[in-house]
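Peer 1: Pasted the sequence and its predicted model underneath.
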Number of protein chains: 4
Amino acid sequence: MKVGFIGLGQMGAGMAANLVKAGHDVTVYNRTKNKAGELVKLGAKAANDVAGACKGDFVFTMLSDDRAVEDVVFGENGMLANLPKNAMHISSSTISTALSERLTQAHKKAGQRFIAAPVFGRPDAAAAAKLFVVAAGEPKTVKDAEPLFSAIGQRVFVVSTEPKAANLVKLSGNFLIASVIETLGEAMALVAKGGIDRREYLELLTSSLFNVPVYKNYGGLIVEGKFSPAGFAAPLGQKDIRLTLAAAEALSVPMPVASLLRDRFLALMANGGDKLDWSAIAGLAAKEAGLSKH
Amino acid sequence: MKVGFIGLGQMGAGMAANLVKAGHDVTVYNRTKNKAGELVKLGAKAANDVAGACKGDFVFTMLSDDRAVEDVVFGENGMLANLPKNAMHISSSTISTALSERLTQAHKKAGQRFIAAPVFGRPDAAAAAKLFVVAAGEPKTVKDAEPLFSAIGQRVFVVSTEPKAANLVKLSGNFLIASVIETLGEAMALVAKGGIDRREYLELLTSSLFNVPVYKNYGGLIVEGKFSPAGFAAPLGQKDIRLTLAAAEALSVPMPVASLLRDRFLALMANGGDKLDWSAIAGLAAKEAGLSKH
Amino acid sequence: MKVGFIGLGQMGAGMAANLVKAGHDVTVYNRTKNKAGELVKLGAKAANDVAGACKGDFVFTMLSDDRAVEDVVFGENGMLANLPKNAMHISSSTISTALSERLTQAHKKAGQRFIAAPVFGRPDAAAAAKLFVVAAGEPKTVKDAEPLFSAIGQRVFVVSTEPKAANLVKLSGNFLIASVIETLGEAMALVAKGGIDRREYLELLTSSLFNVPVYKNYGGLIVEGKFSPAGFAAPLGQKDIRLTLAAAEALSVPMPVASLLRDRFLALMANGGDKLDWSAIAGLAAKEAGLSKH
Amino acid sequence: MKVGFIGLGQMGAGMAANLVKAGHDVTVYNRTKNKAGELVKLGAKAANDVAGACKGDFVFTMLSDDRAVEDVVFGENGMLANLPKNAMHISSSTISTALSERLTQAHKKAGQRFIAAPVFGRPDAAAAAKLFVVAAGEPKTVKDAEPLFSAIGQRVFVVSTEPKAANLVKLSGNFLIASVIETLGEAMALVAKGGIDRREYLELLTSSLFNVPVYKNYGGLIVEGKFSPAGFAAPLGQKDIRLTLAAAEALSVPMPVASLLRDRFLALMANGGDKLDWSAIAGLAAKEAGLSKH
């Protein structure tokens, strides 16, 4: 199929590569130009602007935040103006439910199709086509996109006919991951002050109750205190909690652990943590407990 | 080996049965008498009092709280008075680190051996000899008990030479489980108000990021709103958070999520939840969000 | 002086009346027309639209939220288009610091003057000219407005040369008041369950440590459980905490009690409290404690 | 009247002095001996032991915590053994409701009278006989003690016939004061990062909404960052929040702000704050906000 792909960060580059490998005709675009080279070698075409990536039947966007998506879609010479009638915008970025709703309405009005399809997985999962895709939109529309999802992910979950529901699920998932980080941080501060080796403690947890990558990977970072370089930068984590709380406010849902996470990220930002991995919030629990080496 | 077993609740009964099945010579005791019948059929002997269960080289205790352990050990005609020199008390109950330390000193003074060996796993895991055993104490002492652990569990983790460290690990583990319940409760309230089916949402989570029993089992209870009958009663969960916070206070470790859990359990108790499963705290998040059916 | 006054709610009506009584030439405007009658009897003129209230040297706005202020200022035929050069917009509404900054820039660009002058005090204080005015802006500009402040308030505090600083102070003050409500709610739930009469307890507190109206008034509402009719409606309190948190986020300041208040307001909204006084959040503490009559 | 006074710390010394000045026959005792000299000059007698202070009809205790009171009352040669029949123990210490109940029962069994009469006020108020006395116990018993209260305080509040209710009120009051410290700390961190002078901000608050000593005094300490020497040491504040939470747990009352305060005190203790004034918890809010000089 003829596919555009806008946004070639760590995640997007892996996804686009897998679309190429699966035999699709892929045209890629990134605001900063030097990202496309590798993909072109694989067989992708490089567009010079957003419009150039809007020639096919499907265009993915995988961008860092609401503002980047708004620029690409609503900006001058953006997707809204360039996407052909009935072509589909597949939004994989982690964005607010409010923007997702706005995109839904805008594309509808423009005679274009829109679905939200955010993904779970870190860059290595994107590269390995092992993402979990959370899709929502009109059933027929979602169905038409499925061949593309099977190129990038290991499984697709269709959660609703309303696109924004997929964004809500994605946000709630990131909230759950951040909660794992926070609670592991608290538990490790506790056992470490109790004289227990953190590494052995993590091995115990992840060999028994919590035998999954999310506990293993973040637990490992916390044990090492290795919050740099960032796999997923703290400001992005902060953004996701902000969007979770915004969605929760719109729905009148109190989320006290999300509120706590918000405060953790603010403390991290206020104390120079903007370049760290988001798991650095676990270091705050250690610091509050008076543990020096974290 | 000649083993006593005191405390035949859902957990203890399963553990004692597996000791019998493994060929050990087991004498069981429970304060309320009717619990021993099934075990006697399997080949256990029933003692009439604590002293009667203290004839062998090892005595397990698997009791509900600090007070029950204190009664059995320090009470008139208790373990301290009846355990032979060098015989070993294996404490598997979830108790405070303070009591664990007190037991360590008291048994030492009495010329008896003591280790803490709390376990992770619900009653079905106890019955299936699939528990995870967290042991701590003098290395030689722990080693001598290992044949017994292999009869009741799938794996043993030795975490420290100080018994109380094992209790701390157990408490921290229950804190992590309670945190999973709380955060799933918040996330499900959010997505449910966003129009997403909770059952499908749980399926998504546990097929992707959180593919472990603790998320599946508690998630399932939350989806169903099925908090009765209690698999693990709310007052026991409340006790574990209380003991976690007490240990954290002794070590000067702030644990804000544990504090939040404490408040959840208090609200549950104040509103008639004392017979419910501890996962009922997730129902409070739903209630606060105005979701009627939870 | 020739003064316009836009926004004749409970607060604005009292302020405008005092301006008239002080001898100023006041033209009032309110979106819904029936509010001006009483003021006209006192000697005010009534304008038919925003433009009509922009004829003088000073125009107060006292509106419910950011959106209302945006409509009046930036809307078609709004203040920005109608205020004469060098005339002054005095913004007394409780608005976001972000909007205050935007107003500062917009008026500057339009050759108009702008200061923020939010007030502390309930409607009775507004009627009695007993408000506390928190003003910020260019010193000369603030000074020119002072005769007007002495007509409406008992004291003026000039806090900064940047208008938005006054808004920040106002928001922080409302945060402190909401905190008083929350903590009184918790304390009263505690002593009430301990068998102490809440009314006598409040009398004790406010005759000793907390001998100020804010504790007396809100304490009285909590004791009575009298949250309706609303003196200051819960959605407005929720808005102020939202704006406090937004300002705190922009400045990277964690405010855990503000986060808690946010969750309280969400729970109140989710459970039908949108018509109640904001002090109804204290009822949630009582409810969580299982106290039926609140 | 013939009065014993046990506990001559900053508070107790002032109270005892005022009893002497009011013409009572006062015998004082303190575990460390050098505290009595000043009082003896005023006309008090010094006892050599607890028993020596138990000769009269009334004995005050004003001690630092539960353990000190337990030692004095239940210890060998303590009050329980030495107080004459019908003599009255007036407990002014800030202790747990559980200990207050235990004292009530023990004195009753011993044929002695008991009331709780904790006080609000700092050492200067104790010296100036300006304390607020919160009394509870049998009405006749409380009445008999009133002449003594008028010597030490400006007002007496009788809150219940059960002594422990007075202790609960005292604890709840200290919770409210600690809440003021916390919320002022958050508000000041916010406005300080917003460029507002903290001193002027405090002047504004305490000239308008919060015109009471508790806001002025603690606000002043926060503005100065002057947490040493301690007027009321952080470990005592921590103890009071611990006892508040213990009472709240016994009554099943969630108190989320108290939980937050608990975590603040733990962070303070873990980071070397044990010699500071309890208002130092406000410094944590500033530190989390990245403000260096606090």
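Peer 2: Yep, that arrived.

Peer 1: A:Lys33 - how many residues pack around it?
Peer 2: Other residues lying near A:Lys33 total 11 when counted by other Cβ atoms under 10 Å in any protein chain shown. C-beta here means a position set from N, CA and C on the backbone, and glycine is covered the same way.

Peer 1: Was I right to think A:Thr61 contacts A:Gly7?
Peer 2: Yes. The pair A:Thr61 / A:Gly7 is scored as a contact, 5.7 Å apart, by Cβ atoms under 8 Å.

Peer 1: Overlap of the contact sets of the two?
Peer 2: Each of A:Val72, A:Ser93 lies in contact with both A:Thr61 and A:Gly7 under the rule Cβ atoms under 8 Å, 6 or more residues apart in numbering or on different chains.

Peer 1: Sticking with A:Glu101, tell me its helix or strand.
Peer 2: With secondary structure defined by DSSP states H and E, A:Glu101 is part of helix A:97-109.

Peer 1: Could you list the domains of chain A?
Peer 2: Segmentation of chain A into domains, based on automatic domain parsing, reads A:2-161, A:168-288.

Peer 1: so does stretch A:198-211 get close to chain B?
Peer 2: Yes. Where contact is defined by Cβ under 8 Å from any Cβ of the partner chain, part of stretch A:198-211 touches chain B, namely A:Glu200, A:Tyr201, A:Glu203, A:Leu204, A:Leu205, A:Ser207, A:Ser208, A:Leu209, A:Phe210, A:Asn211.

Peer 1: thinking again about what came up before, go through the domains of chain A and pick out the most buried.
Peer 2: domain A:168-288 (a mean of 22; mean count of other Cβ atoms under 10 Å in any protein chain shown).

Peer 1: need the strands for chain A, in chain order.
Peer 2: For chain A, the strands identified by DSSP state E occupy A:2-6, A:25-29, A:45-46, A:58-61, A:88-91, A:113-116, A:119-120, A:131-136, A:153-160, in order along the chain.

Peer 1: So what touches the first one?
Peer 2: Right, the one you point to is strand A:2-6. Counting contacts by Cβ under 8 Å, 6+ apart, the residues touching strand A:2-6 from outside are A:12, A:15-16, A:19, A:24-30, A:44, A:47, A:50, A:53-63, A:72, A:79, A:148.

Peer 1: Out of the strands of chain A, which is closest to C:Asp240?
Peer 2: Ranking those by distance to C:Asp240, with Cβ to Cβ as the measure, places strand A:113-116 first at 32.9 Å.

Peer 1: CA atoms of that closest one as PDB?
Peer 2: Written as PDB, here are the backbone C-alpha positions of strand A:113-116 (Å, rounded to 0.1, in the frame of the first residue of the first chain):
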ATOM      1  CA  ARG A 113     -10.500   9.400   7.300                       C
ATOM      2  CA  PHE A 114      -8.900   9.400  10.800                       C
ATOM      3  CA  ILE A 115      -8.100   6.800  13.400                       C
ATOM      4  CA  ALA A 116      -5.900   6.900  16.500                       C
END
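
Peer 1: residues contacting A:Leu266?
Peer 2: With contacts defined as Cβ under 8 Å, 6+ apart, A:Leu266 is in contact with A:Gln238, C:Ala248, C:Glu249, C:Ser252, C:Val253, C:Pro254, D:Glu288, D:Ala289.

Peer 1: And the pLDDT at it?
Peer 2: For A:Leu266, the model assigns a pLDDT of 98.

Peer 1: what about A:Ala36, distance to A:Ala87?
Peer 2: As judged by Cβ to Cβ, to the nearest Å, A:Ala36 and A:Ala87 stand 21 Å apart.

Peer 1: now do A:Phe120
Peer 2: A:Phe120 sits 26 Å away from A:Ala87, taking Cβ to Cβ as the criterion.

Peer 1: before we move on, what about A:Asp197?
Peer 2: Relative to A:Ala87, A:Asp197 is positioned 56 Å away (Cβ to Cβ).

Peer 1: Name the residue most distant from the centre of chain A?
Peer 2: When distances are taken from the C-alpha mean of chain A, A:Gly195 lies farthest, 36.8 Å away, according to Cα atoms, centre = their mean.

Peer 1: give the contact list for that residue.
Peer 2: The neighbours of A:Gly195, taking Cβ under 8 Å, 6+ apart as the test, are B:Ser160, B:Glu162, B:Ala165.

Peer 1: For the second one, which non-adjacent residue is spatially closest?
Peer 2: Of all residues beyond its chain neighbours, the one nearest B:Glu162 is B:Ala136 (6.0 Å), with distances taken as Cβ to Cβ, 6 or more residues apart in numbering or on different chains.

Peer 1: I'd like to know the beta-bridge partner residues of the one you found.
Peer 2: For B:Ala136, the residues forming beta bridges with it (DSSP bridges) are B:Ala116, B:Ser160.

Peer 1: backbone phi and psi for A:Asn271, please?
Peer 2: In terms of degrees, to the nearest 10, the main-chain angles of A:Asn271 are phi -120, psi 30.

Peer 1: I'd like the distance from stretch A:267-276 to the chain centre, please.
Peer 2: Relative to the chain's own centre, stretch A:267-276 is displaced by 20 Å; criterion: Cα atoms, centre = their mean, to the nearest Å.

Peer 1: residues in contact with that stretch?
Peer 2: The contact list for stretch A:267-276, computed with Cβ under 8 Å, 6+ apart, reads A:227-228, A:230, A:233-235, A:238, A:280-281, A:284, C:252-254, D:288-290.

Peer 1: So which of the residues you listed is the closest to chain B?
Peer 2: A:Leu284 (9.8 Å; Cβ to the nearest Cβ).

Peer 1: Who are the contact partners of that closest one?
Peer 2: Under the criterion of Cβ under 8 Å, 6+ apart, the contact partners of A:Leu284 comprise A:Gly185, A:Arg264, A:Ala267, A:Leu268.

Peer 1: which residue sits closest to the second one, ignoring its sequence neighbours?
Peer 2: Looking back up the chat, that one is A:Arg264. A:Ile281 (4.2 Å).

Peer 1: Verify the contact between the one you found and A:Gly185 for me.
Peer 2: Yes. Here A:Ile281 reaches A:Gly185: they are 6.7 Å apart, a contact under Cβ under 8 Å.

Peer 1: which residues do the two both contact?
Peer 2: With Cβ under 8 Å, 6+ apart, A:Ile281 and A:Gly185 have no common neighbours.

Peer 1: touching chain C at all, stretch A:54-65?
Peer 2: No. Contact between stretch A:54-65 and chain C, assessed by Cβ under 8 Å from any Cβ, is absent, since the two come no nearer than 14.8 Å.

Peer 1: Next: stretch A:96-113.
Peer 2: No. Contact between stretch A:96-113 and chain C is absent, the nearest approach being 14.8 Å (criterion: Cβ under 8 Å from any Cβ).

Peer 1: Is A:Lys170 in contact with A:Gly121, as I believe?
Peer 2: No. Contact status for A:Lys170 versus A:Gly121: not in contact, 11.3 Å apart, counting by Cβ under 8 Å.

Peer 1: and the two most separated of the contacts of stretch A:267-276?
Peer 2: Between all members of the contacts of stretch A:267-276, the longest pairwise span (Cβ to Cβ) is found for A:Ser228 and C:Val253 and amounts to 24.1 Å.

Peer 1: circling back: ok, so what distance separates the residue farthest from the centre of chain A from A:Pro118?
Peer 2: Relative to A:Pro118, A:Gly195 is positioned 42 Å away (criterion: Cβ to Cβ).

Peer 1: Also A:Ala98?
Peer 2: From A:Ala98 to A:Pro118 the distance is 15 Å (Cβ to Cβ).

Peer 1: show me the contacts for the residue most central in space within chain A.
Peer 2: Among the residues of chain A, the one closest to the centroid is A:Thr94, at 4.8 Å (Cα atoms, centre = their mean). A:Thr94 sits next to A:Asp65, A:Pro118, A:Asn167, A:Lys170, A:Leu171, A:Asn174, A:Leu236, A:Lys239, A:Asp240, A:Leu243 when contact means Cβ under 8 Å, 6+ apart.
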